[in-house]
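Participant: Structure of the sequence below:
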Amino acid sequence: MSKKILIVEDTEDNRQILRDLLGMAGYTLFEARDGAEGVAKAAEHRPDLILMDIQMPVMDGYEATRRIKANPELKAIPIVAVTSYALSGDEQKTRDAGCDAYIAKPYSPRQMLAKVRELIG
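Facilitator: Coordinates of the predicted model:
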């Protein structure tokens, strides 16, 4: 059975890139367009990994991550912050919110696949 990945990302182009890359690699994908939808879909689908954008409408990735990690049934799911906010201190902020890893945009497809495989195989 293929591993499940939840993509929480408000930009369609960014979702499409991940869809192409991870779909071809054999992962089952679910998508959410904002943090609130991401929290709901995490509970619904119990993915093996969550790729979390930080800057989103409705609820940002920090808050969505905190809510997912606060749920005892979901807190073991690794969350990767995927953000164009690559300022000093931002990686620490994502870790403080509960993210397990951090990838700055723009990333290379090889870098993204390597991180996903490192976390869930």
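Participant: what sits against the residue nearest the centre of the chain?
Facilitator: With distances taken as CA atoms, centre = their mean, residue 51 lies nearest the centre of the chain, 1.2 Å away. By CB atoms under 8 Å, 6 or more residues apart in numbering, the contact set of residue 51 is 5-9, 18, 80, 82. (Glycine included, C-beta is placed from N, CA and C.)
Participant: check which helix or strand covers the closest residue to residue 103 other than its chain neighbours.
Facilitator: Counting by CB to CB, 6 or more residues apart in numbering, residue 82 is the residue found nearest to residue 103 once chain neighbours are left out, at 5.0 Å. Element membership for residue 82 (DSSP states H and E) is strand 79-83.
Participant: got a list of what the residue nearest to residue 103 touches?
Facilitator: Contacts for residue 82 (CB under 8 Å, 6+ apart) come out as 9, 51-54, 103, 105, 107, 112.
Participant: What of residue 28?
Facilitator: Going by CB under 8 Å, 6+ apart, residue 28 touches 2-5.
Participant: and these as JSON lines, adding secondary structure?
Facilitator: Putting the contacts of residue 28 into JSON lines (DSSP: H, G, I helix; E, B strand; the rest coil) gives the following:
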{"residue": "2", "secondary structure": "coil"}
{"residue": "3", "secondary structure": "coil"}
{"residue": "4", "secondary structure": "strand"}
{"residue": "5", "secondary structure": "strand"}
